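>>> Here is my input, please return the structure:
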Amino acid sequence: MVRAFKTLTVMVAFLILITGCQAMTGETMGQNIDDGTLTSYVKTKLASDKLVTLTRVGVETNNGVVYLTGEVETAEQRSRIGSLASEVKGVKKVVNNLQVIKR
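Numbering: from 1, shown residues only. Okay, here's the model as predicted:
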């Protein structure tokens, strides 16, 4: 009886731990990893393009939606960065919040 109670206690604690991880962010562990992977892929894609300056472009991903923030010098750069981000497999949508700042 004591052994069954200990086993049940461990199982309940494990289930609470698993559901607690999801409740903190609203995402499952798989979604967090997928979003992180997408962010990395988008950053890699942008870095491989010679016209893009990554120092002023931020990339965040949430549920497959990529958010671009920061500053660029021309509207063409803004458009190009948005297009490159949307080409990455797994990206559902791109929210391009890049600001054009003439220097």
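
>>> CA only for contacts and neighbour counts going forward, please
Noted.

>>> Poorly predicted segments of the protein, please.
2, 4-6, 8, 10-33, 51, 53-55 (pLDDT under 70).

>>> need the strands for it, in chain order.
Listed in chain order, the strands of the chain (DSSP state E) span 57-62, 65-72, 93-100.

>>> would you list the ones you listed in JSON lines and tack on mean neighbour count?
Shown next, in JSON lines, are these (neighbours: other Cα atoms under 10 Å):
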{"stretch": "strand 57-62", "mean neighbour count": "18"}
{"stretch": "strand 65-72", "mean neighbour count": "20"}
{"stretch": "strand 93-100", "mean neighbour count": "17"}
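
>>> Could I get the ones you listed in CSV, plus columns for distance to residue 49?
Output for the strands of the chain, formatted as CSV (distance: least, Cα to Cα, whole Å):
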stretch, distance to residue 49
strand 57-62, 13
strand 65-72, 14
strand 93-100, 17
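
>>> Just to check, residue 63 is in contact with residue 35?
Yes: if you go by Cα atoms under 8 Å, residue 63 and residue 35 touch, sitting 6.4 Å apart.

>>> Those two: which is more packed in?
Neighbours per residue (other Cα atoms under 10 Å) separate residue 63 from residue 35, with residue 35 holding more: 20 against 15.

>>> If we ignore the residues flanking it in sequence, what's nearest the more buried one?
With sequence-adjacent residues excluded and distances taken as Cα to Cα, 6 or more residues apart in numbering, residue 35 is closest to residue 61, at 5.3 Å.

>>> The one you found contacts residue 34, doesn't it?
No: if you go by Cα under 8 Å, residue 61 and residue 34 don't touch, sitting 9.0 Å apart.

>>> any idea how far the residue nearest to residue 35 lies from residue 79?
18 Å (Cα to Cα, to the nearest Å).

>>> if you go through this structure in chain order, where are the helices?
2-25, 29-48, 75-86 (DSSP state H).

>>> Show the contacting residues for residue 45.
By Cα atoms under 8 Å, 6 or more residues apart in numbering, the contact list for residue 45 reads 84, 85, 88.

>>> Using JSON lines, please lay out the residues you listed together with distance to residue 95.
Output for the contacts of residue 45, formatted as JSON lines (distance: Cα to Cα, whole Å):
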{"residue": "84", "distance to residue 95": "12"}
{"residue": "85", "distance to residue 95": "10"}
{"residue": "88", "distance to residue 95": "14"}
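
>>> Noted, bye for now.
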